[in-house]
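1. Starting from these lines, generate the structure:
(one chain, ligands or ions: 1)
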Amino acid sequence: MMQRALRPSALVPRGFDVESAVCDGAATVITVRPTSDTSLCPGCGAISGRIHSRYQRRLTDLPLAGRTVRLVVAARRFRCVTVMCVRRIFTERFDDSALAPWARRTARLDLVVHHLGVALGGRPAASFARRLMLPVSNDTLLRVVRRRGCPPFPAPSVIGIDDWAWRRNQRYGTIICDLERRRPITLLPDREPATAQAWLTGQPQIAVVARDRGGGYALAAAKALPHATQVADRWHLMENASHAFLDAVRKSMRQVRIAVGSATINPDLLTAAERIQYEGYLRREDTNAAILKQAEKRVSIKEIVRLTGHSRGLVRRVLRGQRSDVFRVRESSLEHHLPWLDAQWAAGHCNGADLWRCLKAQGFRGSVRVVTEWATRRRRAEMPDTQSLQRVPSARTIARLMTNGRDTLSKSETVTIAAIEQGVPLLVEAREIITAFHTMIRKKAHGDLDPWLERACASLVASFANGIIKDKAAVNAAIATSWSNGQTEGQITKLKLVKRQMYGRAKLDLLQARLIGAT
Ligand SMILES: [Zn+2]
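-> Predicted coordinates:
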């Protein structure tokens, strides 16, 4: 590239020549003169070159070498040449991309101020601006953000709609996101169905509305966009399903207490607990193998989730190698012999070493310790001492141990869960039904919904199933399509952050300008 000397006029906005530049304390004062001889009349649009008088405009420009820049523009007043024009005299107009009429800042400085305000909000932006040698106040920053508002958005065809809290449990607003372009497009001041309906009516091209279940948004969308497909939000569906299982546990607490209360003196449970742990181990191994097999074929994480029905988090952990198991040789090697051991124990043969010798004769290859430890645990379980009397965990804990936590139970937890599973079979059924629901959603197996509903309606989670029936079309759409409000949740998180930065003085237009103007 050819090198050229830097001309002073290259430092000031386009359309001006530098007349002089002087240092005045902390600022640099640059006097400029417009290069054009003419200006457009704002009244009639005609070009005029008839100068009436001169005046000075003072503006702030971008800082230069760490110093604030004050721009003095030697501007002119022109006479309009159009006979019928109501403006006899007008002040000189410049290119809007350089100097807007009446502006106190050059357009390029205004843009920087806007970005600062959008990114940081009023007060933090003002203190940052001072360090950048941009003298703008808190109020000015917010005024610029407000004035510039939000960029117009392209007409969306797939939207997500959800509520967000202005103030928790007190006042709510609505956020609408364009799910295809992955950006928020508007905020509404409340979560009234009528407000959402009014906005949706103005966007008749919308074909898909993702929204949470049971609420005003479903109603609003049905009225405003009767032909649009409504999609129940998958994230909320999964949450509701988990909650339904928790409710089932709560409803069963009486039976749970009875089952756990008798657990410590029931030796059968130890066998059951060992089986649960062994099953958990096998299940983990199967899961790991299935996921790794897909990964070897270079299948994406999203697709593995769909194929296997496991959660995204689990698939990630397996692929990162964070779930490779400590192999439980002992339980697994003993597993096949447990029925025989139980029978021996019941018949009064309680010596671990003796039992091991008998087992060895039958072909058992494990060490003597495996069997003696089993015998010790068994003996302890039969001792009805107060210490081993089990405390009944909370419904929430039980729900967790029976589902997510099931494969990583401690020994005592396993005994408790074995007692519950043996004593309250309806809960085991409810768990299977909820697991099937989660899997159906992850696998996008919408053909499974009807048989699932039939089964669920006759179980402890019937009320959850009835809710699904009421919103069946949208739930089916949630299973079959890939639209979800997950990204809307993400925008709500961002919104909360912006709101917090405004110290509770957030107004809707400002929030909207900062959330949407930034993306
Ligand atoms: Zn005119």
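
2. can we go C-alpha only for contacts and neighbour counts from here?
-> Noted.

3. near the ion, which residues of the stretch 51-200 of the chain?
-> Selection of the stretch 51-200 of the chain residues close to the ion by Cα under 5 Å from the ion yields 80, 85.

4. Apply 6 Å and report the result again.
-> 80, 82, 85, 87 (Cα under 6 Å from the ion).

5. Filter the residues you listed down to the buried ones, PyMOL style.
-> A single PyMOL command selects the buried members of these (16 or more other Cα atoms under 10 Å):
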select buried, resi 80+82+87
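
6. Name the nearest of the residues of the stretch 51-200 of the chain next to the ion relative to Arg377.
-> Arg377 has its nearest neighbour among those in Arg87, at 100.7 Å by Cα to Cα.

7. if I look at that closest one, how far off is Ile51?
-> Relative to Ile51, Arg87 is positioned 14 Å away (Cα to Cα, to the nearest Å).

8. quick one: least confident helix or strand in this structure?
-> Of the helices and strands making up the chain, the lowest-confidence element is helix 329-335, at a mean of 60, by mean pLDDT, DSSP states H and E.

9. how about the next helix or strand after that one as PDB, C-alpha atoms only?
-> As assigned by DSSP states H and E, the chain's next helix or strand after helix 329-335 is helix 338-346. Listed next in PDB are the C-alpha coordinates belonging to helix 338-346 (Å, rounded to 0.1, in the frame of the first residue of the first chain):
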ATOM      1  CA  LEU A 338     -27.400 -64.100  45.900                       C
ATOM      2  CA  PRO A 339     -30.500 -66.400  45.900                       C
ATOM      3  CA  TRP A 340     -28.400 -69.300  47.100                       C
ATOM      4  CA  LEU A 341     -26.800 -67.200  49.800                       C
ATOM      5  CA  ASP A 342     -30.200 -65.900  51.000                       C
ATOM      6  CA  ALA A 343     -31.400 -69.500  51.300                       C
ATOM      7  CA  GLN A 344     -28.300 -70.500  53.300                       C
ATOM      8  CA  TRP A 345     -28.700 -67.500  55.500                       C
ATOM      9  CA  ALA A 346     -32.300 -68.200  56.200                       C
END
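
10. Following the helix or strand containing Glu413 in sequence, what is the next regular element?
-> Secondary-structure element containing Glu413, defined by DSSP H and E: helix 411-423. Of the helices and strands lying after helix 411-423 in sequence (DSSP H and E), the nearest is helix 425-443.

11. Return the distance of Ile18 relative to the ion.
-> One thing to correct before we go on: residue 18 is Val, not Ile. 29 Å (Cα to the ion, to the nearest Å).

12. That residue: how many residues sit nearby?
-> By other Cα atoms under 10 Å, the residues close to Val18 number 20.

13. Am I right that it sits in a helix?
-> No. The assignment for Val18, made by DSSP: H, G, I helix; E, B strand; the rest coil, is strand rather than a helix.

14. shouldn't it be in contact with Thr35?
-> No. Val18 is beyond contact range of Thr35, at 9.8 Å (criterion: Cα atoms under 8 Å).

15. Just want the residue of the stretch 251-400 of the chain that's nearest the ion.
-> The minimum distance from the stretch 251-400 of the chain to the ion, using Cα to the ion, falls at Lys302 (63.1 Å).

16. next one: the stretch 201-350 of the chain
-> For the stretch 201-350 of the chain, Cα to the ion, closest residue to the ion: Gly202, 38.3 Å.

17. The residue in the chain that the ion sits nearest to: how many residues sit nearby?
-> Nearest residue of the chain to the ion: Cys44, at 4.1 Å (Cα to the ion). Using other Cα under 10 Å, Cys44 has 14 other residues around it.

18. Specify the local secondary structure of Pro184.
-> strand.

19. Could you find the closest non-adjacent residue to it?
-> Cys177 (4.0 Å; Cα to Cα, 6 or more residues apart in numbering).

20. Asp162 contacts Gly486, doesn't it?
-> No. Taking Cα under 8 Å as the definition, Asp162 is not a contact partner of Gly486, at 10.5 Å.

21. Comparing those two, which residue is more hemmed in?
-> Neighbours of Asp162 and Gly486, each counted by other Cα under 10 Å, are more numerous for Asp162; the result is 19 against 15.

22. and that one, what is it in contact with?
-> By Cα atoms under 8 Å, 6 or more residues apart in numbering, Asp162 lies in contact with 174-176, 211-212, 217, 485, 488.

23. With respect to Pro393, which of the residues you listed is nearest?
-> Nearest member of the contacts of Asp162 to Pro393, counting by Cα to Cα, is Asp212, at 31.9 Å.

24. quick one: contacts for the closest residue in space to the closest one that isn't next to it in sequence?
-> Among residues not flanking Asp212 along the chain, Asp233 sits closest, at 5.0 Å (Cα to Cα, 6+ apart). Residues counted as contacts of Asp233 (Cα under 8 Å, 6+ apart) are 210-213, 475, 478, 484-485.

25. do the same with Lys411
-> Lys411 neighbours (Cα under 8 Å, 6+ apart): Ala273.

26. Could you rerun that using 6 Å?
-> If you count contacts by Cα atoms under 6 Å, 6 or more residues apart in numbering, Lys411 has none.
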